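**Student:** Any chance you can model this:
(one chain, ligands or ions: 1)
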Amino acid sequence: MGDYKKTMKTIKSKSKLLRFKKNNIPKKRDHGLSQAVCRICGKKGMGVIQKYNLNYCRRCFREYAKSIGFKKYN
Ligand SMILES: [Zn+2]
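**Tutor:** Alright, predicted model coming up:
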(Lines give C-alpha, C1' and ligand atoms only; values in the text may rest on other atoms or scores of the structure.)
Protein backbone atom coordinates (compact mmCIF):
# COMPACT_ATOMS: atom_id res chain seq x y z
CA MET A 1 0.00 0.00 0.00
CA GLY A 2 1.11 3.53 -0.69
CA ASP A 3 3.15 2.60 -3.73
CA TYR A 4 0.68 4.29 -6.05
CA LYS A 5 1.64 7.69 -4.61
CA LYS A 6 5.24 7.19 -5.69
CA THR A 7 4.29 6.34 -9.25
CA MET A 8 1.81 9.22 -9.34
CA LYS A 9 4.69 11.64 -8.85
CA THR A 10 6.53 10.26 -11.89
CA ILE A 11 3.57 10.78 -14.26
CA LYS A 12 3.77 14.20 -15.90
CA SER A 13 0.89 14.45 -18.36
CA LYS A 14 -2.49 15.34 -16.87
CA SER A 15 -4.62 12.95 -18.86
CA LYS A 16 -2.35 10.05 -17.98
CA LEU A 17 -2.49 11.04 -14.31
CA LEU A 18 -6.29 11.09 -14.35
CA ARG A 19 -6.39 7.66 -15.97
CA PHE A 20 -3.87 6.34 -13.46
CA LYS A 21 -5.96 7.66 -10.57
CA LYS A 22 -9.12 6.12 -11.96
CA ASN A 23 -7.61 2.65 -12.18
CA ASN A 24 -5.01 2.40 -9.42
CA ILE A 25 -6.06 4.25 -6.26
CA PRO A 26 -7.37 1.71 -3.74
CA LYS A 27 -11.08 1.87 -3.04
CA LYS A 28 -12.03 3.38 0.32
CA ARG A 29 -13.69 0.75 2.50
CA ASP A 30 -15.55 1.04 5.80
CA HIS A 31 -14.97 -2.53 6.96
CA GLY A 32 -12.92 -5.61 6.13
CA LEU A 33 -9.29 -6.64 6.19
CA SER A 34 -7.87 -3.23 5.30
CA GLN A 35 -9.67 -1.68 8.25
CA ALA A 36 -8.42 -4.18 10.87
CA VAL A 37 -6.03 -2.65 13.43
CA CYS A 38 -4.00 -4.36 16.16
CA ARG A 39 -5.01 -2.97 19.55
CA ILE A 40 -1.46 -3.11 20.92
CA CYS A 41 0.99 -2.13 18.21
CA GLY A 42 -1.45 -0.48 15.80
CA LYS A 43 -0.45 -2.69 12.86
CA LYS A 44 -2.97 -2.47 10.03
CA GLY A 45 -4.26 -5.06 7.60
CA MET A 46 -2.59 -8.43 7.09
CA GLY A 47 -2.00 -10.64 10.11
CA VAL A 48 -4.61 -9.10 12.39
CA ILE A 49 -6.82 -11.68 14.11
CA GLN A 50 -10.40 -10.44 14.27
CA LYS A 51 -11.92 -13.74 15.40
CA TYR A 52 -13.58 -13.70 18.87
CA ASN A 53 -13.12 -9.88 18.81
CA LEU A 54 -9.41 -10.35 19.58
CA ASN A 55 -8.05 -7.60 17.31
CA TYR A 56 -4.47 -8.64 18.00
CA CYS A 57 -1.94 -8.95 15.24
CA ARG A 58 -0.27 -12.35 14.99
CA ARG A 59 2.93 -11.12 16.64
CA CYS A 60 1.20 -9.54 19.64
CA PHE A 61 -1.06 -12.59 19.91
CA ARG A 62 1.95 -14.85 20.37
CA GLU A 63 3.15 -12.59 23.14
CA TYR A 64 -0.13 -12.22 25.03
CA ALA A 65 -1.95 -15.51 24.28
CA LYS A 66 -0.95 -17.14 27.58
CA SER A 67 -2.09 -14.20 29.71
CA ILE A 68 -5.45 -14.08 27.93
CA GLY A 69 -5.98 -17.76 28.67
CA PHE A 70 -5.12 -19.59 25.47
CA LYS A 71 -3.39 -22.95 25.88
CA LYS A 72 -1.03 -24.71 23.55
CA TYR A 73 -1.91 -28.39 23.11
CA ASN A 74 1.09 -29.71 21.22
ZN1 LIG B 1 0.24 -6.00 17.25
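
**Student:** In the chain, where is pLDDT below threshold?
**Tutor:** 1-2 (pLDDT under 70).

**Student:** Name the residues of it found near the ion, please.
**Tutor:** 38, 40-41, 43, 57, 60 (C-beta under 5 Å from the ion). For the C-beta atoms, the positions are set from N, CA and C on the backbone; glycine is no exception.

**Student:** domains of the chain?
**Tutor:** 1-26, 38-74 (automatic domain parsing).

**Student:** could I get those domains as CSV with mean neighbour count?
**Tutor:** Below are the domains of the chain laid out as CSV (neighbours: other C-beta atoms under 10 Å):
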stretch, mean neighbour count
domain 1-26, 10
domain 38-74, 13
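
**Student:** want to throw those into TSV with distance to Gly32?
**Tutor:** Formatted as TSV, these follow (distance: least, C-beta to C-beta, whole Å):
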stretch	distance to Gly32
domain 1-26	12
domain 38-74	10
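
**Student:** returning to what we had before: so of the residues of the chain next to the ion, which ones are in strands?
**Tutor:** Cys57 (DSSP state E).

**Student:** Among the residues of the chain next to the ion, which ones are in helices?
**Tutor:** Mapping the residues of the chain next to the ion onto helices (DSSP state H) picks out Cys60.

**Student:** can I get the residues of the chain next to the ion in JSON lines with distance to Lys22?
**Tutor:** Shown next, in JSON lines, are these (distance: C-beta to C-beta, whole Å):
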{"residue": "Cys38", "distance to Lys22": "32"}
{"residue": "Ile40", "distance to Lys22": "37"}
{"residue": "Cys41", "distance to Lys22": "34"}
{"residue": "Lys43", "distance to Lys22": "30"}
{"residue": "Cys57", "distance to Lys22": "33"}
{"residue": "Cys60", "distance to Lys22": "37"}
